[in-house]
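Student: Take this sequence and fold it.
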Amino acid sequence: KIGTLFSPVKIFAPVALAMFLLASGWYGYTLYSFGRFTNMSALLYSGAVMVFLMGLISEQITALMYKDTK
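Tutor: Modelled structure (predicted):
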């Protein structure tokens, strides 16, 4: 909780990167095995983008919360 209060991107960015790498790995596997792009790859890519954007929004909210203390 403290990490998300002061630097949310440090929490959300690695999770988004892990999801992106997992999506790329899954896409590579299904492309090699079946020759197609699956729904799971699309969901993982979309989830990675959403988690990263949520981190950016959290960063902006944190900046607004601590704007007066600087």
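Student: which helices and strands does the helix or strand encompassing residue 14 pack with?
Tutor: For residue 14, the element it lies in under DSSP states H and E is helix 9-34. On a contact count with 3 or more Cβ pairs under 8 Å, 6 or more residues apart in numbering; DSSP states H and E, helix 9-34 meets helix 2-6, helix 39-65. Just so you know, the C-beta spots here come from the backbone N, C-alpha and C atoms, and that holds for glycine as well.
Student: Determine which stretch of the ones you listed is the most buried.
Tutor: Highest mean neighbour count among those (mean count of other Cβ atoms under 10 Å): helix 39-65, with a mean of 14.
Student: Could you tell me how many residues sit around the nearest residue to residue 55 once chain neighbours are set aside?
Tutor: Leaving aside its sequence neighbours, residue 55 sits nearest to residue 12 (Cβ to Cβ, 6 or more residues apart in numbering; 2.7 Å). Applying other Cβ atoms under 10 Å, we find 21 residues neighbouring residue 12.
Student: cool, residue 22 as well?
Tutor: With other Cβ under 10 Å as criterion, residue 22 counts 16.
Student: Hmm, residue 45 and it touching each other?
Tutor: No. Contact criterion Cβ atoms under 8 Å: residue 22 and residue 45 do not qualify, at 9.7 Å.
Student: any residues in contact with both of those two?
Tutor: Counting by Cβ atoms under 8 Å, 6 or more residues apart in numbering, residue 22 and residue 45 have no contacts in common.
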